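> one predicted model, sequence on top.
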Amino acid sequence: MHPAITPEDAAALIPDGASVLLSGFMGVGTPDRVVRALAASGRRNLTLIVNDAARPHLGVGPLIAARCVRKFIGSHIGLNPDVQAQMRAGTLEVDLVPQGTFVERIRAAGMGLGGVLTPTGLGTLVAKGKRVIEVEGKPFLLEPPLRADFALIAARSCDYVGNLTYMLSATNFNPIMALAGAVVIAEPEEIVPIGMIPPDAVKTPGVLVDHVIRRAA
Amino acid sequence: MHPAITPEDAAALIPDGASVLLSGFMGVGTPDRVVRALAASGRRNLTLIVNDAARPHLGVGPLIAARCVRKFIGSHIGLNPDVQAQMRAGTLEVDLVPQGTFVERIRAAGMGLGGVLTPTGLGTLVAKGKRVIEVEGKPFLLEPPLRADFALIAARSCDYVGNLTYMLSATNFNPIMALAGAVVIAEPEEIVPIGMIPPDAVKTPGVLVDHVIRRAA
Amino acid sequence: MRPDPHLMTPKDLIARRVAQEIRPGTLVNLGIGIPTRVSDHLPEGMGVFFQWENGVVGLGHRPPEGMGDRHLTDAGGSCVSAVPGASIIDSAFSFGLIRGGHLDLTVLGGLQVDARGRLANWMIPGEYVPGMGGAMDLVTGAKRVIVAMLHCVHGQSKIVPECTLPLTSPRRVDLIVTELAVIAPREDGLHLLETAPDVSLAEVLAATAAPLLVAGEVPEMDLR
Amino acid sequence: MRPDPHLMTPKDLIARRVAQEIRPGTLVNLGIGIPTRVSDHLPEGMGVFFQWENGVVGLGHRPPEGMGDRHLTDAGGSCVSAVPGASIIDSAFSFGLIRGGHLDLTVLGGLQVDARGRLANWMIPGEYVPGMGGAMDLVTGAKRVIVAMLHCVHGQSKIVPECTLPLTSPRRVDLIVTELAVIAPREDGLHLLETAPDVSLAEVLAATAAPLLVAGEVPEMDLR
């Protein structure tokens, strides 16, 4: 495990044009400090893989407001007028994915599976141009894995091995996204000594985590 | 939630010819009391879906020794001579599945997915007669979901809602199998009052559990 | 005390009627909007667990002012509480419950439902594109789907012969509850089961663009 | 103190040589048999995490007599300990780590390895059918695969021109370590990299049924 870095150090690792998995559900469970550092960095053309666009000042909103994002892959954008405006202006590409398919595609990428066979989306716009595979007489949509160059994870606790715990509904996409980033950066609320997190309480083993962000001053 | 029942009550729910998901890894994390009750019940023609055959007096061994099982689906039978003997005698059908494919097929059944696309088994005997699906230029084996009439689960703690926790390596297949039984029966080491298990510590929500077995006298 | 249905708002009337559909000991998902109000009309002690897509199983009421925590929220990001016996699951597990047939009931809002009982509730092309969130998985996977919505919008019926908006799923929903009527989509069409208090059959028929099947006397909603 | 390689058992010699392949800070899976011994030969403080398929990440040594617990076991069901920073994952997650490219190295036993570097280690048709357990996933998914095995069985070479036993995976393994030699399967065949102490090149060639590629002087294993 590497020593803890600052949010600015973490943001500096992410180049223009990178794809980034970003956790959170309406801003809950989003790594806010690294999001703000990244928004301040002036990064451009990011592909953001995140459940929802939250609101302009919430969750990943600041990244969209700062025009860092070229492509958004997620399930909900209804409460962020910036996204709607940039989408209409043609400067932001939006790929809407059903939420259950979204998270399962990320898991498939992280777990070395070839994709997801889901009934969700069959017979709707979502199925357009996709393969339908029949298994035991039932049709399923084949959805490909969804991976990224980086995964930015919000955790409750972390030790210096990188083991992570999450808290209540701030868990959401975090443990799944931690599987599927080529580089995984965790922003915990606290860092505790090694051995202080009971093995059964760990939700993301440290072997998956590449960098840990220092606690807020 | 129903009141806790005895292992014998639980065994009585399972008819001849039923398919049963049974957790454990070399007998660790196997619900031993319900296994013994089922072996004593004289049940016949069960299909057992379990990682390994353990040993004659360990894990699911007693069920095999008592000749309750007609078909075994799992990944390892090397340490149970009963299985080898019954297999040669033609009284026990054995379907060997790579362990990672095994658990993922069970998860797919429990999570409403059409199957698993895995690279494991390609180019081996395991691929025989199975469909190969290409995704993004790479071949994957299509493995169907694996579900059962019953799932027998060994837990550490349980509350009267049916929420379950597991302990260390006795966790293994339990949380996955609890998804995929039409009827789920949990055998905890202890039953605690509702509200005593912190929500973040629950590994299987009680909504998945149909019956809870009383603690040992 | 039994509330006077004549004094209830249309949305509360819908929520109250939907609440009667909830069986004890079940797992229920309530969508945003009118569906969220359903839990307010449910009697205590039924052992019902409400789940949100965000991973809370066993959602409780809104906590008292100043006692919320940002780590325990509903799908809109507002602070909630949890009931005794609540549990937390990650998003993959949450949708596994939904898609895997473990969810007994979902109650969702709607933009349109058509004569085949198909729901559209996630976009108005060229106008409003919020995204489907978890709605497609919910309609695909839940054992029972109830649409809770106002009967009309801008004077136009939301119950139409054929959806003109993109479908959420081709699955036929199980029940439609509006402030005017309770309607059950079945193989042969939309069956009118109940009318709201003080609403005549003629009013319901006039407010509904899709054909309704009426068998004999249509009873009034019982909002006890 | 450096052990005398002349006094080591063949299996310990193999384990010791394999231990040198382990890089600091990596995630490693050791199979049953000779591979299990590898961790005994690893220097302390390398920050290596050993995982078992059963979900333990951060396996420690065998606990002192009487201090084991049935809830913390290795893949054979024997009691183990865990290192500080260990974690527990379920079986689906465990194989996700393996298949998803998160496992840096696996060390497995073998029945046969052939000239194309393909491993067979899960059954002898008509004779012995233990099952593949996690081996197929490990060989398919691990970043690096080392086969640790005795060179011969019943006087027959286990390194053969073409596997006659069912393959574990068509993937070419990365290294073969026996008590006689270290061999690297590559695109063009099996490269003999090292011979064991007191073992001549001729002895290795005589004991190996598959052709070996030898480039110049073959160094002796350094078992420091």
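Received the coordinates, thanks.
> can you tell me the SS state at C:Ile22?
coil (DSSP: H, G, I helix; E, B strand; the rest coil).
> now do the residue of chain C at minimum distance from chain A against C:Gly109, distance only.
Closest contact between chain C and chain A, by Cβ to the nearest Cβ, is at C:Pro130 (2.6 Å). Where you see a C-beta, it was placed from the backbone N, CA and C, and this is true even at glycine. Noted for C:Pro130: a distance of 11 Å to C:Gly109, by Cβ to Cβ, to the nearest Å.
> low-confidence ranges in chain C?
C:1-3 (pLDDT under 70).
> again, 90 this time
By pLDDT under 90, the weakly predicted segments of chain C are C:1-8, C:32-33, C:43-45, C:60-62, C:74-78, C:126-129, C:222-224.
> what's the neighbour count on the residue in chain C that chain D sits nearest to?
Chain D sits closest to C:Ala92 of chain C, with a gap of 10.1 Å, by Cβ to the nearest Cβ. Burial of C:Ala92 is recorded as 21 neighbouring residues (other Cβ atoms under 10 Å in any protein chain shown).
> quick one, phi/psi of A:Ala37?
Taking degrees, to the nearest 10, you get phi -60, psi -40 for the backbone angles of A:Ala37.
> and it, how many neighbours?
Residues near A:Ala37, counting by other Cβ under 10 Å, number 21.
> return the per-residue confidence for it.
Looking at A:Ala37, its pLDDT is 98.
> show me what contacts it?
For A:Ala37, the contacting residues are A:Thr6, A:Pro7, A:Glu8, A:Ala10, A:Ala11, by Cβ atoms under 8 Å, 6 or more residues apart in numbering or on different chains.
> from these, pick the one nearest C:Met67.
A:Pro7 (29.9 Å; Cβ to Cβ).
> which residues touch the closest one?
A:Arg33, A:Val34, A:Arg36, A:Ala37, A:Glu187, A:Ile213, A:Arg214.
> got the phi and psi for the closest residue to A:Pro31 other than its chain neighbours?
Distances taken as Cβ to Cβ, 6 or more residues apart in numbering or on different chains put A:Glu187 closest to A:Pro31, at 3.6 Å, once the chain neighbours are dropped. Dihedral pair for A:Glu187: phi -110, psi 90, per degrees, to the nearest 10.
> redo the contacts of A:Ala37 as TSV? Include pLDDT.
Listed next are the contacts of A:Ala37 as TSV, based on pLDDT from 0 to 100:
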residue	pLDDT
A:Thr6	97
A:Pro7	97
A:Glu8	97
A:Ala10	97
A:Ala11	98
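> hmm, back to that, I'd assumed C:Trp122 was in contact with the residue of chain C closest to chain A.
Yes: taking Cβ atoms under 8 Å as the definition, C:Pro130 is a contact partner of C:Trp122 at 6.8 Å.
> any idea how far the longest helix that chain A contains is from the chain center?
Scanning chain A for the helix with the most residues, using DSSP state H, yields helix A:99-110. Relative to its parent chain, helix A:99-110 has a centroid offset of 11 Å by Cα atoms, centre = their mean, to the nearest Å.
> now the residue most central in space within chain C. Nearest residue, chain neighbours left out?
By Cα atoms, centre = their mean, chain C has its centre lying nearest to C:Val107, at 2.7 Å. Spatially, and ignoring its direct neighbours in sequence, C:Val107 is nearest to C:Pro35 (4.0 Å; Cβ to Cβ, 6+ apart).
> got it, and A:Leu208?
A:Ala178 (5.2 Å).
> pretty sure that neighbour sits against A:Pro205.
No: A:Ala178 is beyond contact range of A:Pro205, at 9.1 Å (criterion: Cβ under 8 Å).
> re the thing from before, who touches the one helix or strand the residue of chain C closest to chain D maps to?
C:Ala92 is part of helix C:91-99, with elements assigned from DSSP states H and E. If you take Cβ under 8 Å, 6+ apart as the criterion, helix C:91-99 is touched by A:25, A:51, A:99-100, A:103-104, A:107, A:118-120, A:172-173, A:176, B:107, B:110-113, B:179, B:205, B:207-208, C:27, C:29, C:51-55, C:57, C:89, C:102-103, C:106, C:134, C:137-138, C:140-142.
> residue contacts, residue 159?
If you meant another chain, say so; for now it's chain A. A:Ile191, A:Val192, A:Pro193, A:Ile194, A:Gly195, A:Met196, A:Ile197, A:Gly206, D:Gly85.
> oops, I was thinking of chain C
C:Ile159 touches C:Gln112, C:Val113, C:Asp114, C:His151, C:Ile176, C:Thr178, C:Ile183, C:Leu190, C:Thr208, C:Ala209, C:Ala210, counting by Cβ under 8 Å, 6+ apart.
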